[in-house]
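# one predicted model, sequence on top.
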2 protein chains.
Amino acid sequence: MPKITFLPAGVTVEIPEGETVIRAAMKAGIHINASCGGAGVCGKCRVFLEGGEVEGEPLPEGGYKACTLIPKSDLVIRVPVESEVDRRALLRPAKKVASSWLEARGPAKVSISPVMQKIHLSLEPPSIENNMPDLARLETGILKELSAEEIDINWKLLRKLPYVLREKNFDVTACVFKKNTPRLLDVVPGDTTSRHFAIAVDIGTTTICAELVDLNSGNVIGSTSDYNPQISYGEDVISRIEFARKKDGLKILHERVVECIAKLSQELCGKHGVKPEEIAHYSFAGNTVMSHFLLMLEPRFLRESPYVPVAAKFPVVPAKELGLPAGDQTITTLAPCVASYVGGDITAGVVATGMAKESPLTLFIDIGTNGEIVVGNQDFLACAACSAGPAFEGGGIKHGMRATTGAIEAVHIDPETLEPMILTIGNKKPKGICGSGIISLLASLFIEGIIDQSGKYRRDLDNPRIREGREGYEYVLVWAEESATGEDIVFTEADIDNLIRAKGAMFSGYQTLLESVGLEIGMVERVILAGNFGSFLDLEQAIIIGLLPDLPRENFYFVGNSSLLGARMAALSQEALAEMEQVAQMMTHFELSAHPGYMDYYVSALFLPHTNLDLFPSVKELLQKE
Amino acid sequence: MPKITFLPAGVTVEIPEGETVIRAAMKAGIHINASCGGAGVCGKCRVFLEGGEVEGEPLPEGGYKACTLIPKSDLVIRVPVESEVDRRALLRPAKKVASSWLEARGPAKVSISPVMQKIHLSLEPPSIENNMPDLARLETGILKELSAEEIDINWKLLRKLPYVLREKNFDVTACVFKKNTPRLLDVVPGDTTSRHFAIAVDIGTTTICAELVDLNSGNVIGSTSDYNPQISYGEDVISRIEFARKKDGLKILHERVVECIAKLSQELCGKHGVKPEEIAHYSFAGNTVMSHFLLMLEPRFLRESPYVPVAAKFPVVPAKELGLPAGDQTITTLAPCVASYVGGDITAGVVATGMAKESPLTLFIDIGTNGEIVVGNQDFLACAACSAGPAFEGGGIKHGMRATTGAIEAVHIDPETLEPMILTIGNKKPKGICGSGIISLLASLFIEGIIDQSGKYRRDLDNPRIREGREGYEYVLVWAEESATGEDIVFTEADIDNLIRAKGAMFSGYQTLLESVGLEIGMVERVILAGNFGSFLDLEQAIIIGLLPDLPRENFYFVGNSSLLGARMAALSQEALAEMEQVAQMMTHFELSAHPGYMDYYVSALFLPHTNLDLFPSVKELLQKE
């Protein structure tokens, strides 16, 4: 990784091979004006090369565009900005994202012993001395392997059993489901144990992610994902529950998600030469609403008080009955849910992190429209859902958008000129602002003093970028001529309001949940950020706006798609599957709004970072320095 | 019941109301010539009334036709025969049939606790204080009722669960299958526990008998039966197994039997106002081949050495998957088999008698094409199949026929004139001879000295009824002019040979099986005759020909259709269902032909009653008296 030293600040950062200098600057906290998102068109991001080899476009007036400049060696770069700003950059803690939980310590340890087991048996062929029935012969062999006393059987297997047994002279492979009383689900001629796969699936409200897993090695052979096609019927779970009330609505939502999973499964199988009948197990994890849609269960009572799911622990379902590409024996399992708004994705995530088997007090946070939080350790687990609203996903934000190409993902604002430095996903002309960009923008506006603690623009700033629009004061992040849409991209006070309410809901959630179990924020020893969101989150910025608690940065981890990881573990390990049920069982669910102190906590959190600055000592210190 | 005294013999018997005098005579062992089977047309059965009131046809020359004479009070009847014959009649033990096992002691005692249980639950409706999921709420209620810890569930129930629970404000009835881990099969609104039924079915090779059983009271509400439609594809199991090898043969046999059961079920339900979804359980018992056909399992290996069934213990099968009139929850169970030729009908029969729970050493005999025998008590059970052939069902007998209208069911022969006295089923002109008639005829011919111990006709008898036919010597039982067919009904030496081989197979079976477990015939304390055959069997005659062992007559019982009775008990009682599995498990099966002494036993049994007359002391005594 090349090292880049920025002058005059004298800050050095490393960036991955092939990354641009402007991204290095953003990472180092060095401001460079850049309003085209890295697309190379605005030409504002001029820097001068003082040492090293580069690839990039020299500007006619000298220097290079930082957004196209790629290091070929370590570099020294001089940024043409007032020293004032650079000095201030030095006062700030280095940009920091949470460490990877998986790189730091790997997923929770489980042995590979799938609940779907293939057993190869070389049975003794029948003789006059031993003419026990085909089924009894097979059962005896299996029970010996399993050290079990009893096995259930799918009766339809009996029809093919005599032929299967005799095809290779009583050399067969049995496929057994090992929960409760074991159940014989299939038997085929010869030894097929080397071909034993599962598909693990995280069914997100927005995205469906699937992995093809080798149940012998435990390896992930391939993975893929797609948008959840239910999006066409509603962006969030509430609007989809509404759609489900229409005639055939539930059926449509059910069919769409099954079709999508089937497509992802076919894609994985096709690419890796796996036949559908070689898939033993579909292991799903999704929130409670997604789980209901997958099985086509009435979701209506999930959103009507008293918020009752049809089921939270789901029975095993034959994959063929759901219409998935599968053999007759293929099963599906769903991670158990805890309540209407704390679903199987959270249970799976908790199991994936192993936090329920360890002593440190851990706060597990999944930020999203419905933020879910879990606190606990090996001794207890408590959880709650926060109605954060869709702001962090760009919803309810005037120019908010999902994290796709052209979305502004990082922002820095020059405190003097108020000129922004923006980076977009894919280095394309900006279309709008995604979640991480929104947090970045809000933190920048606040830390540079452009907005106050209540999220209002300072009225005394005489700058074309701050203006009174039709919906009140706003900041112009991108001028129309530099945006992909041909319109100004702005950030309004209403947007800020939405964001403050969203982060307030999350933060008061942590406080209320911790208080419910007699604890407080300072006692938390580890914070695990689940979901895609967590992996891109700039920790400092998230703490500055009060979205995350102000705890030592080294105690923050992102775990990525822990729901998918938990689903994979459930396919790989009977132990993990059982642990999911235990976790769901032991997790105490708190209805935050029912807590007497909740409203006070919430209202106090409607400031940046918080009404009580003592809860955010590092932010307090920073504000005092600025 | 009117008493009838026959003179000059001075023998008195009781007969049921409405029964004819000729049947009373047959029962008393009084010979009256009668060759029209009781149809009233031959006019040979003249008797004189010496006392009492009668209804009947006086003959012009005086007296009455015994076959039309019905007592209106106790009677004294004089039979115009030589005193010689009558005196001999007195020497014989009274005609005796086995006592009814069920009348003597009832079926085995079991508590009414069906494996399919309906549980009425008034659940607490959800509230904010108790918003557990619908499924968990229901499960908690059921588990409390069952004192169980875990319950499986048919996942498809989840789709209707929220509506069912809310239809009557969480007042529901659950239908639970109680084996192993209990399984929730259905849930419906309100209290439906009073409507809880089962269909018990005995699937015989020839006849299918079905009963509608009330699972609350244990009462049989109705019963019906029909011929097994598979008869069209083969009279016996072997020819049906052959047919099953043809293209679609197995499918056809399967479909025919299912259709027939469906028809019988519809008939019972229609007649007694029961809806198919109110049937919780189809409880089947049948021999191993019938069980294979019912589930459409390959029967081929049953008849090829080493005679291996696909299964002997059958999994539970949803009734709808078999195509029976039923609800989604309705299950079917099959009585477990022991071996290829000792089936679930025998297991069910043993359980129905309770012999496996008592100390007396009991011999359980089911006489048929494949005679099955079981010996044992509470300590052990051993069983074997005897290839008796179809002779006792009229098969392989020149004028043999099934026991339907017009079949000769009882025969007596005048030792002087060799004139027969015959009775037919339904008092119709004779068409042929059924099983009981064949035994009766063989015993008569033997005891009157018309055939010798090896079953050959005495060559020195000058009588038109004994003649040399195309197939050797034969006895003319009915002349052409008095038969329904317009042909002589005869009984050939080849017929006798077949019968001797059949009874020899049975008797040597008892001996071999008993010897296999270190016992002998004299040790047997009870003989239970299963099947229809047993109920009509004349004990003396069956012992005279050596079909049954010569044991005290009071130790013989007939139990009727014990297979059906066992099937009914399995529906009514979880305990009986479990006992069937235990009985099948503990029953040691002996392959008679594999026993070193079997051939000797068999050959010794090819005499009347046996080569070793000491095995038949009462017959020996009788022969000496004659």
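Yes, it's here. None of the values given here were measured: they were computed from a predicted structure.
# skipping adjacent residues, who's closest to the spatially most central residue of chain A in space?
A centroid search over chain A (C-alpha atoms, centre = their mean) returns residue A:531, at 1.6 Å, as the residue closest to the centre. The shortest distance from residue A:531 to any residue that is not its chain neighbour, by C-beta to C-beta, 6 or more residues apart in numbering or on different chains, is 5.0 Å, and that residue is residue A:366. Where you see a C-beta, it was placed from the backbone N, CA and C, and this is true even at glycine.
# could you measure from the one you found over to chain B?
21 Å (C-beta to the nearest C-beta, to the nearest Å).
# tell me the bridge partners for that residue.
As for beta bridges, residue A:366 partners with residue A:372, residue A:530 under DSSP bridges.
# show me the strands in the stretch 301-450 of chain A, by range?
When assigned using DSSP state E, counting those that start in this stretch, the strands of the stretch 301-450 of chain A occupy the ranges A:317-318, A:331-334, A:362-366, A:370-376, A:381-387, A:407-413, A:420-424, A:432-433.
# so which elements touch the first one?
Contact partners of strand A:317-318 among helices and strands, from 3 or more C-beta pairs under 8 Å, 6 or more residues apart in numbering or on different chains; DSSP states H and E: strand A:331-334.
# buried stuff in stretch A:592-604?
A:592, A:595, A:598, A:601-602, A:604 (16 or more other C-beta atoms under 10 Å in any protein chain shown).
# hang on, the earlier thing: what pLDDT does the residue nearest to residue A:531 get?
At residue A:366, the model reports a pLDDT of 94.
# residue A:7 now?
Residue A:7 is assigned 84 on the pLDDT scale.
# burial count for the residue nearest to it when sequence neighbours are not counted?
For residue A:7, ignoring the flanking residues on the chain, the nearest one in space by C-beta to C-beta, 6+ apart is residue A:78 at 4.5 Å. Residues lying near residue A:78 (other C-beta atoms under 10 Å in any protein chain shown) number 16.
# dump the residue contacts of residue A:78.
For residue A:78, the contact set (C-beta atoms under 8 Å, 6 or more residues apart in numbering or on different chains) comprises A:6-8, A:47-50.
# would you map the helices across the stretch 401-550 of chain A?
Per DSSP state H, counting those that start in this stretch, the stretch 401-550 of chain A has helices spanning A:435-447, A:493-516, A:531-536, A:539-544. These are given in chain order.
# what average pLDDT does the third one get?
Going back to what we said before, that points to helix A:531-536. What helix A:531-536 shows for mean pLDDT is 76.
# helices or strands up against it?
For helix A:531-536, the helices and strands in contact under the criterion 3+ C-beta pairs under 8 Å, 6+ apart are strand A:362-366, helix A:435-447, strand A:556-560.
# any idea how far that helix is from the chain center?
Distance of helix A:531-536 from its chain centroid, counting by C-alpha atoms, centre = their mean, to the nearest Å, is 5 Å.
# then the last one?
Computed by C-alpha atoms, centre = their mean, the chain-centroid distance of helix A:539-544 equals 18 Å.
# excluding its backbone neighbours, what's nearest residue A:413?
Of all residues beyond its chain neighbours, the one nearest residue A:413 is residue A:444 (4.4 Å), with distances taken as C-beta to C-beta, 6+ apart.
# any idea of the mean pLDDT in stretch A:425-435?
Taken as a whole, stretch A:425-435 has a mean pLDDT of 90.
# list the buried residues in that stretch.
By neighbour count on 16+ other C-beta under 10 Å, the buried set for stretch A:425-435 is A:425, A:427-435.
# could you dump that stretch to CSV, C-alpha only?
Extracted as CSV, the C-alpha positions of stretch A:425-435 are listed here (Å, rounded to 0.1, in the frame of the first residue of the first chain):
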residue,chain,number,x,y,z
ILE,A,425,-19.5,5.7,-5.3
GLY,A,426,-17.8,4.7,-8.6
ASN,A,427,-16.3,8.2,-9.0
LYS,A,428,-19.3,9.3,-11.1
LYS,A,429,-21.0,12.7,-11.3
PRO,A,430,-23.1,13.0,-8.1
LYS,A,431,-26.8,12.0,-8.2
GLY,A,432,-27.7,12.3,-4.5
ILE,A,433,-26.4,11.5,-1.0
CYS,A,434,-26.4,8.0,0.5
GLY,A,435,-26.3,7.1,4.2
